[in-house]
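Trainee: would you be able to build a 3D model of this:
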Amino acid sequence: MFTKGRIIFAIIFIIAFVIFMIISYKKDAKNHKVYYKNTAIKVAVYGTIAIILFVALRLVTAYLL
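Mentor: Numbers count the residues shown, from 1 in each chain. This next block holds a predicted model:
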């Protein structure tokens, strides 16, 4: 199924991909601190609002039906 060439290619590809992702992340880390400040708080707030709305709608529809 897998030839020796395909296995070697897959290994080299995975190593190159991981190295590229590490380099790319290190370059973008500076921008993340500037542009994505306080995003964890925003995600938590929006997630909480979504959960509250979901629970409220489930309760309302359960009592109406």
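
Trainee: pLDDT of the helix or strand where Phe13 lies, averaged?
Mentor: Phe13 is part of helix 4-35 when elements are defined by DSSP states H and E. Mean pLDDT, helix 4-35: 92.

Trainee: give me the mean pLDDT for whichever helix or strand comes after that helix.
Mentor: The first helix or strand that comes after helix 4-35 along the chain, using DSSP H and E, is helix 39-64. Average pLDDT, helix 39-64: 94.

Trainee: centre of the chain to helix 39-64, how far?
Mentor: From the chain centre to the centre of helix 39-64 is a distance of 21 Å (CA atoms, centre = their mean, to the nearest Å).

Trainee: now do that helix and helix 4-35, the angle between them.
Mentor: 90 degrees (axes from the mean of the first three to the mean of the last three CA atoms, to 10 degrees).

Trainee: how about helix 39-64: buried residues?
Mentor: For helix 39-64, burial by neighbour count (16 or more other CB atoms under 10 Å) applies to no residue. Every C-beta, even on glycine, is put in place using the N, C-alpha and C of the backbone.

Trainee: who are the packing partners of that helix?
Mentor: Helices and strands touching helix 39-64, as assessed by 3 or more CB pairs under 8 Å, 6 or more residues apart in numbering; DSSP states H and E, are absent.

Trainee: please consider this matter closed, and thank you.
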